[in-house]
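Student: Build me a model:
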Amino acid sequence: MFTKITYVIHRTIIFCIILGLSALLYKELQIYDVQIHGVLHSNVNLNQVKQKCQNQNLFLCNTKEICKILQSDYWIQNCQFIRKWPHTMEILVSEKIPMALFLKNEKYFGVDIQGRILGEYKQNAKNMLCIKGTYDQHDFQKFLQYVKDYDVKKAVLVRKGRWDITFKNGKKLRSGIDSLKNDLKIYRQISETENQKWSVMDLRNSERIILK
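Tutor: Numbers count the residues shown, from 1 in each chain. So this is what the prediction gives:
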């Protein structure tokens, strides 16, 4: 009987010690400092992210929930969490790299390979492929897939399915309606074989090729 009571007392004492240490460690490892790096274009609410982290335990903080908040913005590709003892959580954010920029109202917006608008692009747009015209995700998606192997400098979606393209070598292509993929092949073939000087290739009429 004595042995059983002693065992119960020992278990209770050990439990209380563990509980006390856990509470102490939780308090000692609270997050007070949240550092977020890598956000260049995203408009995600960083204050909300910080508030989700602050006063949480450094090792028990729900990073999946925080990552979900960050990735609610199209710009955010992924995020990495670095715990710095005793009170700092560092968040490294990776943003998507736009395939092109869409110019609207004198502002540039990043466009991904699916033709989706990521958001405003806030860096130097000098060396980026620039698209003008009316935004259409389906047309933008096909365009970006077709031109990825060509040195395109800028393009205008004149109307649905029809593009005016300027290449980095200064030459221009006026495509027919919904014939961009084939028109690019014609452009490449003639560029490699045609010796005469020309600056504009007009393929709007499917029955003839006009070089100017």
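Student: okay, now Gln114: neighbour count?
Tutor: For Gln114, the neighbour count with other Cβ atoms under 10 Å is 12. The way it works is simple: take the backbone N, C-alpha and C, and place the C-beta from them, glycine included.
Student: how deep is the closest residue in space to it that isn't next to it in sequence tucked in, by neighbour count?
Tutor: Nearest non-adjacent residue to Gln114, counting by Cβ to Cβ, 6 or more residues apart in numbering: Gln141, 5.5 Å away. Number of residues near Gln141 (other Cβ under 10 Å) recorded here: 17.
Student: Now the spatially most central residue of the chain: closest residue in space, sequence neighbours ignored.
Tutor: In the chain, the C-alpha nearest the mean C-alpha coordinate belongs to Lys96, at 2.2 Å (Cα atoms, centre = their mean). Among residues not flanking Lys96 along the chain, Gln77 sits closest, at 4.8 Å (Cβ to Cβ, 6+ apart).
Student: okay, the host helix or strand of the one you found in CSV with CA atoms only?
Tutor: If you go by DSSP states H and E, Gln77 is part of strand 76-84. The C-alpha trace of strand 76-84 is given here as CSV (Å, rounded to 0.1, in the frame of the first residue of the first chain):
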residue,chain,number,x,y,z
ILE,A,76,4.1,34.6,-53.5
GLN,A,77,5.6,31.3,-54.7
ASN,A,78,6.7,29.8,-51.4
CYS,A,79,8.0,30.8,-47.9
GLN,A,80,10.6,29.4,-45.5
PHE,A,81,10.7,29.8,-41.8
ILE,A,82,13.9,30.2,-39.8
ARG,A,83,13.6,30.1,-36.0
LYS,A,84,16.3,32.1,-34.2
